[in-house]
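Student: Below is the sequence, then the predicted model.
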Amino acid sequence: MNRDLRREGNNNMGIMGVITRILLSVFLISGFDRAWSTESQAPASSASRASAIEEAQMAIQATIDGAGGWRAWNETLVPFHADMAARIADAKGQEAAFLVGPARSLFTVALTEFAMAHPSPDLAGSPHRIEDTTAYRTLVPLYRALAQQGVDLIFIPIPQKEEVYPRSLSEHAPTTVPLYPQRYRYMEALLAAGVEVIDLLPTFQAARTEGERPLYPTSDLHWGDRAMGTATEILAERIKRYGLAVPGAPNPYRARPYHLDVEGPLVKYFVPPEEQLHYDRLVEDGVQVLLPDGTPYEYNGVDDAPILMLGDSFMMRARSGGSWAARLAYELGVPVTGFMQNQKGAQSVARIFARKGPAFYAERRVIVLYVVGGMLSRQWYAQPLPG
């Protein structure tokens, strides 16, 4: 649903806006189960899902071939790896938790290390198999267990800021190949096992020179509103195959613009107070999604939604009505609920499901699991689904 959100957000006082609120007050009173279609779309969605996996496999193979294969890809990255190893060692020697790139763009030492943790097995001395990692051993059984219950899983390894803007981290970063081939190794292996994966990086790379606002701000690791909006459109197109929206029904949600001007989280929590004034504030215009009663759409406010989004802080839950779940709900016109844990949301997904029980996941149609790419190399916690 490729609309101008800001224009629509200012259009809420017309006759159709009044009618929409009246109709949707009925949905609120009688339960959100009337706000989406419960008719089965299994045959169509199954074919579309298979096609999406095939297309993703072809795109990833094209990326590998374009880099000259895994070994050539890693050889291209040797100057970048050497530069980062020296800078990380220097930061640790100074007990600093952050790195500063050109144009004073900020990064954390930990996440950069995580992203570089597993080079391709074709690189000498790195006999690493993706299939042996805890991430793979968690995601593949989870996908299969959910599929047996009629629930589809979509996995999104979110690109890190330096993947979209390589030279913002290092002048030695190549611009001809992605910085982190290991993220592609994970995507390749997961797709081969039947897990549907969305790679946002090609779209982000194409969009990084468009518009006045960057996709990722210099003073934060998280994406900005434009990147989240782009990711929302891509994800919504995948989910439309399920036919969850009631044909002809008005969108139950509306949107309005908001302006954000705060101290960037990385500056606030990682940079010494005496140096913080040297870094940019986090300033951008975004979108706030509202419920029919005019209150902000909270990311975890609809328990029985057909779509569940689960992951880390890229949910952007601190922005009331501006979370990723809220944006997706508005884009689709269908309730979406979210669950997040900073740093360990996706890695703990099996434990979360086990703790909350089948009622939390078994009635969903789609579960979207996302994680910033570097966290794939961290410890994941595999556990069978209950029930």
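Tutor: Good, I have the coordinates. Source: prediction; values computed, not measured.

Student: show me where the protein has helices.
Tutor: The residue ranges that make up the helices of the chain, judged by DSSP state H, are 5-9, 15-30, 42-66, 70-76, 78-93, 109-115, 134-148, 161-164, 181-192, 201-207, 225-239, 265-270, 324-332, 349-356.

Student: most packed of those helices?
Tutor: Greatest average neighbour count among those goes to helix 324-332 (a mean of 28), per mean count of other CB atoms under 10 Å. No exception for glycine: its C-beta is placed from N, CA and C like everyone else's.

Student: Mind checking the helices of the chain for the one nearest to residue 216?
Tutor: Residue 216 sits nearest to helix 161-164 of all the helices of the chain, at 4.0 Å, using CB to CB.

Student: Any chance you could give me the closest one in CSV, C-alpha atoms only?
Tutor: Coordinates of each C-alpha in helix 161-164 appear next as CSV, following Å, rounded to 0.1, in the frame of the first residue of the first chain:
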residue,chain,number,x,y,z
LYS,A,161,23.8,0.8,9.3
GLU,A,162,27.3,0.2,8.0
GLU,A,163,26.0,-2.3,5.4
VAL,A,164,23.8,0.5,3.9
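
Student: How far off centre is it?
Tutor: Using CA atoms, centre = their mean, to the nearest Å, the mean C-alpha position of helix 161-164 is found 14 Å from that of the whole chain.

Student: Give the other helices and strands that that helix contacts.
Tutor: helix 201-207 (3 or more CB pairs under 8 Å, 6 or more residues apart in numbering; DSSP states H and E).

Student: Can you name the residues in contact with the helix it packs on?
Tutor: Contacting residues not belonging to helix 201-207 are listed as 59, 159, 163-164, 178, 215, 226-227, 230, 234 [CB atoms under 8 Å, 6 or more residues apart in numbering].

Student: before we move on, back to that, distance to residue 284 and mean pLDDT for the helices of the chain - can I get that in a markdown table?
Tutor: As requested, the helices of the chain are exported to a markdown table (distance: least, CB to CB, whole Å; pLDDT from 0 to 100):
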| stretch | distance to residue 284 | mean pLDDT |
| --- | --- | --- |
| helix 5-9 | 12 | 40 |
| helix 15-30 | 26 | 38 |
| helix 42-66 | 29 | 90 |
| helix 70-76 | 33 | 92 |
| helix 78-93 | 28 | 94 |
| helix 109-115 | 21 | 90 |
| helix 134-148 | 31 | 94 |
| helix 161-164 | 14 | 96 |
| helix 181-192 | 26 | 95 |
| helix 201-207 | 15 | 95 |
| helix 225-239 | 5 | 96 |
| helix 265-270 | 14 | 86 |
| helix 324-332 | 14 | 97 |
| helix 349-356 | 30 | 87 |
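
Student: one step back: can you add distance to residue 199 and give the contacts of helix 201-207 back as a markdown table?
Tutor: Written out in a markdown table, the entries for the contacts of helix 201-207 read as follows (distance: CB to CB, whole Å):
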| residue | distance to residue 199 |
| --- | --- |
| 59 | 7 |
| 159 | 8 |
| 163 | 11 |
| 164 | 12 |
| 178 | 10 |
| 215 | 15 |
| 226 | 18 |
| 227 | 14 |
| 230 | 13 |
| 234 | 10 |
